[in-house]
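Chemist: model this:
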Amino acid sequence: MSLQGDRKAIADALSTVVGVTGYAKRPTTRKAGDGWPLLSSLERAAGLSFTVTWRVLILLPQDETKASEWIDVHHEDLVDALEQAGFFVDRLEPVVLAASGADQYALQISMRSE
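Modeler: From the prediction side, this is the model:
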């Protein structure tokens, strides 16, 4: 699949999870539950193919306790949806994104595809 096709597949997979809206690229106006992929790296695998590493960001509620609870409720469904779409999820990590005005809690998912 192409990188553009992967982005769409990731967005579609994210959107199957209740409380999550997937986008192929970062939306201009964002809210908790919005998620999108970022290309992390392209690494040459055996032969001519590349292993693609993706970072997926999903915005979380801005209250620390609610952000933790959101992850508790959604992490397994997110992994299931992404793996059913053909991606291999390596890691889920809460992160803080610098933003103008106030920092933004997010869940970062690291995963691979070929």
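Chemist: Show me what the helix or strand Val52 falls within is in contact with.
Modeler: Using DSSP states H and E, the element containing Val52 is strand 50-59. For strand 50-59, contacts defined as CB atoms under 8 Å, 6 or more residues apart in numbering pick out 3, 6, 10, 14, 20, 26, 30-45, 78, 82, 87, 95, 97, 104-114. Where C-beta positions appear, they are placed from N, C-alpha and C, glycine not excepted.
Chemist: Which element, helix or strand, includes Lys8?
Modeler: Going by DSSP H and E, Lys8 is in helix 3-15.
Chemist: ok, back up a step: can you flag the buried ones in the contacts of strand 50-59?
Modeler: Among the contacts of strand 50-59, those scoring as buried are 6, 10, 14, 20, 30, 32-37, 78, 82, 87, 104-107, 109, 111, 113 (criterion: 16 or more other CB atoms under 10 Å).
Chemist: In helices only, show me those residues.
Modeler: Residues of the buried ones among the contacts of strand 50-59 located in helices (DSSP state H): 6, 10, 14, 78, 82.
Chemist: Among the residues you listed, which pair sits farthest apart?
Modeler: The largest separation in those, counting by CB to CB, is between Asp6 and Leu78 at 16.3 Å.
Chemist: quick one, what contacts the residue in the chain sticking out farthest from the centre?
Modeler: Here the chain reaches farthest from its C-alpha mean at Gly47, the gap being 28.0 Å by CA atoms, centre = their mean. Counting by CB under 8 Å, 6+ apart, Gly47 touches no other residue.
Chemist: Can you tell me the SS state at it?
Modeler: coil (DSSP: H, G, I helix; E, B strand; the rest coil).
Chemist: Now the one helix or strand Ala67 maps to: buried residues?
Modeler: Ala67 is part of helix 64-84 when elements are defined by DSSP H and E. Buried residues in helix 64-84, counted by 16+ other CB under 10 Å: 67, 70-71, 74, 78-79, 81-82.
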